[in-house]
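Asker: Build the 3D model from these lines:
(2 chains)
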Amino acid sequence: MAKQRPKNLDLMSIRLPLPGIVSIMHRISGAGLFLSLPVLLCLFQSSVSSPESFASFQLVLANPLWKIFLLLVLFGFLYHLCAGIRYLALDLHWGTELAEARASSVAVLVVSVLLTLILGARLW
Amino acid sequence: MVERVITGAHYGLKDWLAQRFTAVAMAVYALWMLGALLIGPPNDFAVWRGLFANQGVKAWTFVFLVSLYWHAWIGVRDIFMDYIKPTGLLLLLQVLTIVALVGYAGWSIQILWSI
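Answerer: Numbering: from 1, shown residues only, chains lettered A, B, ... in the order given. Okay, here's the model as predicted:
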């Protein structure tokens, strides 16, 4: 008794609304953070183990390619954090109206980019 | 008479709650740590290591990391369940994720308690 409904699963022709973009980016950033865990643990270990390993940790931080990677991780983390706080608010039924949900989506994007720039500038 | 629960195993609600509790625990730690980094980035090994030598900070860092691995398990499992349809492959990926996360937890203990 399956009804024949029109289906559109062509990802290229689907225009996601802003809250949808925030949602899929939350998922992508979460997956990226999970994959970067072993690298981050290695870096943390070298930063606290010995003065020698701390020196090599600082060399890593100074390397431009590593900087780009770590800035991406930092953005991924801050974005996931901001979007996560938005979801906690939605769970409490705060900001569930369409206009509010759109405004908070913009806020998540703006705040996470700003925080990345501020922290990135402060740490390097 | 067999008691049949026809509404599922209810692990969904437990996981939903766990995902939020671990999120709040991590957010508190992250805001504290980001604030500390913003005020004074660690340029000195002794100061940086000394921070984690404090028992309170060490315990709190451990709670953060365990929350992170638990949160990651629920999140990654949800992603796999959404996109991976063959049961065998799904099981394999889930087992590999669990092995990795349990390994990270052991590694975290080793790092923190050798400070």
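
Asker: At which residues are the helices of the chain located?
Answerer: Went with chain A since none was named. For chain A, the helices defined by DSSP state H cover A:18-49, A:51-62, A:64-91, A:98-123.

Asker: Let me rephrase: I mean chain B.
Answerer: Ranges of helices within chain B are B:11-39, B:45-53, B:55-83, B:87-112, based on DSSP H.

Asker: Of these, which is nearest chain A?
Answerer: Closest approach to chain A among these (C-beta to the nearest C-beta): helix B:45-53, 4.0 Å. Bear in mind the C-beta positions are built from the backbone N, C-alpha and C, glycine included.

Asker: looking at the helices of chain B, which is buried most?
Answerer: helix B:55-83 (a mean of 16; mean count of other C-beta atoms under 10 Å in any protein chain shown).

Asker: Mind putting the helices of chain B into TSV with mean pLDDT and distance to chain A?
Answerer: Formatted as TSV, those follow (pLDDT from 0 to 100; distance: least, C-beta to the nearest C-beta, whole Å):
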stretch	mean pLDDT	distance to chain A
helix B:11-39	92	5
helix B:45-53	93	4
helix B:55-83	97	5
helix B:87-112	97	5
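
Asker: Now tabulate those in CSV and tack on distance to A:C82.
Answerer: Listed next are those as CSV, based on distance: least, C-beta to C-beta, whole Å:
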stretch, distance to A:C82
helix B:11-39, 10
helix B:45-53, 25
helix B:55-83, 16
helix B:87-112, 24
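
Asker: right, and the helices of chain A - which one's nearest chain B?
Answerer: That would be helix A:51-62 among the helices of chain A, by C-beta to the nearest C-beta, at 4.0 Å.

Asker: Report all helices and strands that the closest one contacts.
Answerer: Using 3 or more C-beta pairs under 8 Å, 6 or more residues apart in numbering or on different chains; DSSP states H and E, the elements in contact with helix A:51-62 are helix A:18-49, helix A:64-91, helix B:45-53.

Asker: between those, which one is nearest to B:L93?
Answerer: Nearest to B:L93 among the helices and strands packed on helix A:51-62 is helix A:18-49 (11.9 Å), distances taken as C-beta to C-beta.

Asker: what's the neighbour count on A:F77?
Answerer: Neighbour count of A:F77, defined by other C-beta atoms under 10 Å in any protein chain shown: 23.

Asker: ok, it touching A:G32?
Answerer: No: checked against C-beta atoms under 8 Å, the pair A:F77 and A:G32 is beyond contact range at 9.5 Å.
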